[in-house]
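J.: Provide a 3D model corresponding to the input given below.
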Amino acid sequence: MLAVVALLVLALSGSFPVLAGGERPAPDGKAVWIYLKDAGYTSWPLFPGKDKLYKGRHPHGAWLTTYVSPDALAAIQSKKGMLPNGAFVVKENYSPEKKLAAVTVMYRVSGFDSEAGDWFWAKYAPDGKVLKEGKVKGCIQCHQAVISNDWIFTGPVK
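T.: Model prediction:
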């Protein structure tokens with residue numbers, strides 16, 4: 001009974017679920033997608049200063065919606081300059097007709113890839129099929145342009 005109450009409190013507080021032992025998911029495309037769906041990422045806050053369906057650009061899509069995990073939001077709002085280990089940036093990528101085309105994810109995993117900010121990158125089809133994951137060369141090469149902003153284009157984190 002106590003466990004059920006604890007889960008309900010977490011759900012209502014907007015905290016996101018943790019795996020056994022308090023861990024976030026492994027840097028694995030399928031595990032991350034399951035985690036995000038279970039966490040209800042679409043109920044997370046939007047990236048500060050962005051609304052739903054803001055104008056996008058290649059390669060992400062004509063329209064975008066960007067969600068951030070609560071710990072990422074706290075770091076952005078306090079101008080930490082770097083998102084913490086376990087933070088997520090989840091970008092829904094829409095076609096010109098505003099149809100969901102893909103979901104792209106940045107997930108900070110300590111020790112995953114120190115040369116690329118320890119970001120795990122993933123791209124999913126709308127149904128959650130993993131299209132790309134891990135140390136995705138195209139993501140890393142493009143996002144290097146904003147290395148001084150913790151690899152994030154969407155808005156300032158400093």
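J.: low pLDDT regions in the protein?
T.: Judged by pLDDT under 70, the chain has its weakly predicted residues at 1-22.
J.: all strands of it, in order?
T.: 54-55, 63-68, 88-94, 100-108, 119-124, 130-134 (DSSP state E).
J.: what's the closest of the ones you listed to Ala39?
T.: strand 88-94 (8.4 Å; CB to CB). No exception for glycine: its C-beta is placed from N, CA and C like everyone else's.
J.: partners of that closest one in the sheet?
T.: Strand 88-94 pairs in its sheet with strand 63-68 (antiparallel), strand 100-108 (antiparallel), by DSSP bridges.
J.: quick one: it to strand 119-124, angle?
T.: Per axes from the mean of the first three to the mean of the last three CA atoms, to 10 degrees, the angle that strand 88-94 makes with strand 119-124 is 30 degrees.
J.: going along the chain, name the helices of the protein.
T.: All helices of the chain, identified by DSSP state H, fall at 2-13, 29-39, 70-77, 137-143.
J.: so for the third one, what gets flagged as buried?
T.: Looking back up the chat, that one is helix 70-77. Buried residues in helix 70-77, counted by 16 or more other CB atoms under 10 Å: 70-73, 75-76.
J.: thanks a lot, catch you later.
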